[in-house]
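Asks: structure for the following, please:
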Amino acid sequence: MKSQKLKIKSFTTRKAIVYTLFFGAITMVINACQSAIEIEMAKYLSNGKDIYQARCQNCHGEKGEGSGELAPPLTDTVFLKTNKQKLACFIKNGASQPMLINGKTYQEKMPAFKDLHDIDIAQVIVYITNSFGNKQGMYKHQQVTEDLGKCEE
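Replies: Numbering: from 1, shown residues only. From the prediction side, this is the model:
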C-alpha cells in the first residue's frame, strides 16, 4: 500500500514538473515572438546600419557625430524630424544648400548616391533616425518613392 502511494505521488510530481516545463516553454515562446512590424523594423535597422557603415560613416562618423566643418552630425533629432521628407532627396541626389544643424551652418556638398534603391534609402533612413539618440520609428520604402517625387532639383 505504501509503495503504491509513493508511485502515485511520484507520478503526480513528475506530471507537475512536465506541465510546469511545458507551460514555461510556451510562455517563453510567446514572449520571445516579435510582431511582423518589429521583425521588419529589425531588418531595416540591420541593413541600414550596413549601408551607413559602407556609405555614410566616413563623413558622418561612427556615432553620427559628424566631421568638423565637412559633414554635419546626425544627432540633431529636431533637424532629422523636421526634414524627414527631404532625407531621401539628400541621400539620392546629394545636397548643396547650406544646412543649419545644432545652431551651426554646414555648407559642404553632400555627394549623391544615385545607385541606391528606394529600399536601401529607406533602410539607411530608419537606421539614422533611430540611432545616435534618435527614435523616430519606421520609414518604409514606399515613402521614399513618394518623397523622391517631391525633390527640389
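
Asks: and stretch 118-138, what's buried?
Replies: Residues of stretch 118-138 classed as buried by neighbour count (16 or more other C-beta atoms under 10 Å): 118, 120-132, 134. Backbone N, C-alpha and C define where each C-beta goes, glycine included.

Asks: residue 74 against residue 64, yeah?
Replies: Yes. When contacts are counted by C-beta atoms under 8 Å, residue 74 is listed as touching residue 64 (3.7 Å).

Asks: quick one: contacts for residue 41?
Replies: For residue 41, the contacting residues are 126, 137-138, by C-beta atoms under 8 Å, 6 or more residues apart in numbering.

Asks: now those residues in a markdown table, with distance to residue 151?
Replies: Formatted as a markdown table, the contacts of residue 41 follow (distance: C-beta to C-beta, whole Å):
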| residue | distance to residue 151 |
| --- | --- |
| 126 | 19 |
| 137 | 22 |
| 138 | 21 |
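
Asks: nearest to residue 92 among the residues you listed?
Replies: Distance to residue 92 across the contacts of residue 41 (C-beta to C-beta) is lowest for residue 126, with 15.5 Å.

Asks: between residue 74 and residue 64, who's got more neighbours?
Replies: Neighbour comparison, residue 74 and residue 64: the larger count goes to residue 74, with 25 against 21 (by other C-beta atoms under 10 Å).

Asks: now the phi/psi pair for the more buried one, please.
Replies: Taking degrees, to the nearest 10, you get phi -110, psi 30 for the backbone angles of residue 74.

Asks: show residues contacting stretch 144-152.
Replies: By C-beta under 8 Å, 6+ apart, stretch 144-152 touches 85-89, 92-93, 118-119, 121-122, 125.
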